[in-house]
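Engineer: would you be able to build a 3D model of this:
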Amino acid sequence: MRLATLLLLIPLALPAQSERAVFLVRRAADTLAVETMSREGRTFSAALRPITPVVTLGQRITLTDSGTVHQLVTTVSAGTGDSLVSRSTLTFTGDSALSHIEGAGQTAPRADSYLKLPADAVPFINLSGLSLELILRRAHALGGDSARVPVLLLVGQTVVATVVRLGADSAIITLGSVPLHARTDSIGRFLGAVVPSQNLVFERLPGDSPVAAWRAPGARPVSYAAPAGAPYTAEDAKLRTPQGLTLAGTLTMPTHAAGSRVPAVVLITGSGAQDRDEGSPLFPKWRPFRDIADTLSRRGIAVLRLDDRGVGGSDAGPDTATTADFADDIRAALAWLRTRPDVDPRRIGLVGHSEGAVIAPMIAATDSTLRALVLIAGTASRGSVVLDAQRRYILSQDTTLTPAARDSLMKLANAAADSAYRQPGWLHFFATYDPLSTARRVHTPTLILQGESDRQVPVSEARTLAAAMRSAGNTHVTLRTFPSMNHLLVQDPSGNPLAYSELKDFNVRKDLLGTLADWLATEMK
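Structural biologist: Next up is the predicted model:
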């Protein structure tokens, strides 16, 4: 993640006063992100987090008396912001800035550098209301019916935002090819906006608004009930882990004869805070575990799916939790299933997606009683290798960058990442953990499923994983790949994560569901 080059000069005329605001970003009835903002004189501070936070992005922008930027501090923190991952500081002198990157508790060696940046640029972080306010304020200061405002993106690329004023209370901001219809006031404050092409709505609330006001009008709790006429039931599940956490979820139980026992699987979500459907507020129509549970339970297999820690009805637990701790949660789920009189303890398996496909082998390596293992879009490489490749791919999609500029950005991004990887916690574990060392100790029958257009975890990872398991003596490893299927398990020839919001169909591919159900039905006999 590029944190060091965000901003240069912002000549603004600001009254010396204090104010607070809350910016909301919504899609339909779903609140996607919340940003709390405050201003004390010439210092703006903001914290941007998704509604189910994985990280919190913090900004503190201090202006000089003349309205130019003296210093910008950007922070990345885990979860809701209690655990600092990294901090970057830009201190400005003339037309250059000193960049300084550090992790929590220590400075990254040789991370300091002087940067040449375009004048009058405004910082921009996606989904940030503060970023949009700064663009509007800059346009207001320039005057006229239209203005061109240089904007510096998080990855260091500079683009131009065009602001066209539509009277005293509205304006159109065009960033790249995306128009945003904004409401403003006489001094250029950002009051709200709509982004028609992305079906997004920005709203500004008073800074003292209660948390209850952050929910979108008309938002309804997600229903986990079985569809009408389904040959299975759906019941609430609650279990207690040995660490004292309560985890909530749903168990779908196929219709079966009284006194008989059915096979069962536990679904394991990918990285980030997700509910039992593996749902994310960024993609409200994407509910892959609902699709999987429905398919498997129609084939006679019970399915337990759980809210992640800190989501829905599950306890949050400590911020220091790692992938290994999440594996313990799944072990508790297996123990809970084995106590049920309607589940056959000899026919229980695991189905993991993304990070869940890293967790599943950790359990299978020490639990020889598992009947089946399914790894979907799992990694064979250490997390640092996978994350570095993802950054390289994202930069490769920007055709405006020269090769030299792209290499320079990668070096700065890697320096920030290396610092973050050294800090204790989830990211350190994920970055340094070797999935292959565990996979070689798994002898459970294993099905590996992988999309060929996945740009987050390339198909080569699946092939490496299968080869390693086979070479270590697992004679029952099946690999299936699916053309034009991305990391979300949906139809997508490009697989570009930057274009996920443009996808029309968020249903899990039927050929993947069929392959999964057929294989499990055979293994669970």
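Engineer: how is the chain carved up into domains?
Structural biologist: 18-214, 232-381+436-523 (automatic domain parsing).
Engineer: looking at those domains, which has the lowest confidence?
Structural biologist: Lowest mean pLDDT of the domains of the chain: domain 18-214, a mean of 78.
Engineer: and it, how far out from the chain's middle?
Structural biologist: Computed by C-alpha atoms, centre = their mean, to the nearest Å, the chain-centroid distance of domain 18-214 equals 19 Å.
Engineer: now swap in stretch 394-408 and tell me
Structural biologist: On C-alpha atoms, centre = their mean, the centre of stretch 394-408 falls 23 Å from the chain's centre.
Engineer: average pLDDT across that stretch?
Structural biologist: pLDDT averaged over stretch 394-408 gives 81.
Engineer: now do the buried residues in that stretch.
Structural biologist: 394, 395, 401, 408 (16 or more other C-beta atoms under 10 Å). Bear in mind the C-beta positions are built from the backbone N, C-alpha and C, glycine included.
Engineer: any idea which helix or strand carries the last one?
Structural biologist: Here residue 408, judged by DSSP states H and E, is contained in helix 403-421.
Engineer: output the contacting helices and strands for that helix.
Structural biologist: With contacts defined as 3 or more C-beta pairs under 8 Å, 6 or more residues apart in numbering; DSSP states H and E, the packing partners of helix 403-421 are strand 83-93, strand 96-103, helix 383-396, helix 426-432.
Engineer: save those as JSON lines, and put in distance to residue 334 too.
Structural biologist: Listed next are the helices and strands packed on helix 403-421 as JSON lines, based on distance: least, C-beta to C-beta, whole Å:
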{"stretch": "strand 83-93", "distance to residue 334": "29"}
{"stretch": "strand 96-103", "distance to residue 334": "36"}
{"stretch": "helix 383-396", "distance to residue 334": "24"}
{"stretch": "helix 426-432", "distance to residue 334": "21"}
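Engineer: the helix or strand harbouring residue 335: what's the following helix or strand?
Structural biologist: In the assignment (DSSP H and E), residue 335 maps to helix 323-338. With elements assigned by DSSP H and E, the helix or strand that comes after helix 323-338 is strand 343-353.
Engineer: check which residues of that next one are buried.
Structural biologist: For strand 343-353, by 16+ other C-beta under 10 Å, it's 343, 344, 347, 348, 349, 350, 351, 352, 353.
Engineer: got the CA positions of it in CSV?
Structural biologist: Taking Å, rounded to 0.1, in the frame of the first residue of the first chain, the C-alpha atoms of strand 343-353 are listed here in CSV:
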residue,chain,number,x,y,z
VAL,A,343,-24.6,-35.1,12.6
ASP,A,344,-22.3,-38.1,11.7
PRO,A,345,-19.0,-37.3,13.4
ARG,A,346,-17.2,-39.6,11.0
ARG,A,347,-18.4,-37.6,8.0
ILE,A,348,-17.3,-34.0,8.7
GLY,A,349,-15.3,-31.8,6.3
LEU,A,350,-14.1,-28.2,5.8
VAL,A,351,-14.6,-25.8,2.9
GLY,A,352,-12.3,-22.7,3.0
HIS,A,353,-12.2,-19.8,0.6
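Engineer: what helices and strands are in contact with it?
Structural biologist: strand 262-268, helix 288-298, helix 323-338, helix 355-364, strand 372-376, helix 510-523.
Engineer: can you list contacts of stretch 18-27?
Structural biologist: 31-41, 127-130, 190, 198-209, 214, 216, 281, 284 (C-beta atoms under 8 Å, 6 or more residues apart in numbering).
Engineer: got a quick ChimeraX command for the buried subset of the residues you listed?
Structural biologist: Remark: buried members of the contacts of stretch 18-27, expressed as a ChimeraX selection using 16+ other C-beta under 10 Å:
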select :31,32,33,34,35,36,37,38,39,127,128,129,130,190,200,201,202,203,204,205,214,216,281,284
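Engineer: the contacts of stretch 18-27 in strands, which ones?
Structural biologist: Among the contacts of stretch 18-27, the ones falling in strands (DSSP state E) are 31-40, 190, 200-206.
Engineer: just to revisit the earlier point, next one: the helix holding residue 408 to chain centre, how far?
Structural biologist: 20 Å.
Engineer: specify the angle between it and helix 383-396 in degrees.
Structural biologist: Using axes from the mean of the first three to the mean of the last three C-alpha atoms, to 10 degrees, one finds that helix 403-421 and helix 383-396 are set 150 degrees apart in direction.
Engineer: so which of the helices and strands packed on strand 343-353 comes closest to residue 306?
Structural biologist: Residue 306 lies closest to helix 323-338 among the helices and strands packed on strand 343-353, at 6.2 Å (C-beta to C-beta).
Engineer: give me the three-state assignment for the residue nearest the centre of the chain.
Structural biologist: The centroid of the chain falls nearest to residue 272 when counting by C-alpha atoms, centre = their mean (5.5 Å). At residue 272 the chain is in coil, as set by DSSP: H, G, I helix; E, B strand; the rest coil.
Engineer: now stretch 290-308: buried residues?
Structural biologist: 290-297, 299-308.
Engineer: chain center to it: distance?
Structural biologist: 23 Å.
Engineer: just the C-alphas of it, formatted as PDB.
Structural biologist: Once non-C-alpha atoms are left out, stretch 290-308 reads as follows in PDB (Å, rounded to 0.1, in the frame of the first residue of the first chain):
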ATOM      1  CA  ARG A 290     -25.300 -18.600   1.100                       C
ATOM      2  CA  ASP A 291     -25.000 -20.100  -2.400                       C
ATOM      3  CA  ILE A 292     -22.700 -22.900  -1.200                       C
ATOM      4  CA  ALA A 293     -24.900 -23.700   1.800                       C
ATOM      5  CA  ASP A 294     -28.000 -23.900  -0.300                       C
ATOM      6  CA  THR A 295     -26.400 -26.100  -2.900                       C
ATOM      7  CA  LEU A 296     -24.800 -28.500  -0.400                       C
ATOM      8  CA  SER A 297     -27.900 -28.900   1.900                       C
ATOM      9  CA  ARG A 298     -30.000 -29.700  -1.100                       C
ATOM     10  CA  ARG A 299     -27.600 -32.500  -1.700                       C
ATOM     11  CA  GLY A 300     -28.000 -33.900   1.900                       C
ATOM     12  CA  ILE A 301     -25.000 -32.200   3.600                       C
ATOM     13  CA  ALA A 302     -25.500 -30.000   6.700                       C
ATOM     14  CA  VAL A 303     -23.600 -26.700   6.500                       C
ATOM     15  CA  LEU A 304     -22.400 -24.600   9.400                       C
ATOM     16  CA  ARG A 305     -21.300 -21.000   8.600                       C
ATOM     17  CA  LEU A 306     -20.300 -18.400  11.100                       C
ATOM     18  CA  ASP A 307     -20.000 -14.700  11.500                       C
ATOM     19  CA  ASP A 308     -16.300 -13.700  11.800                       C
END
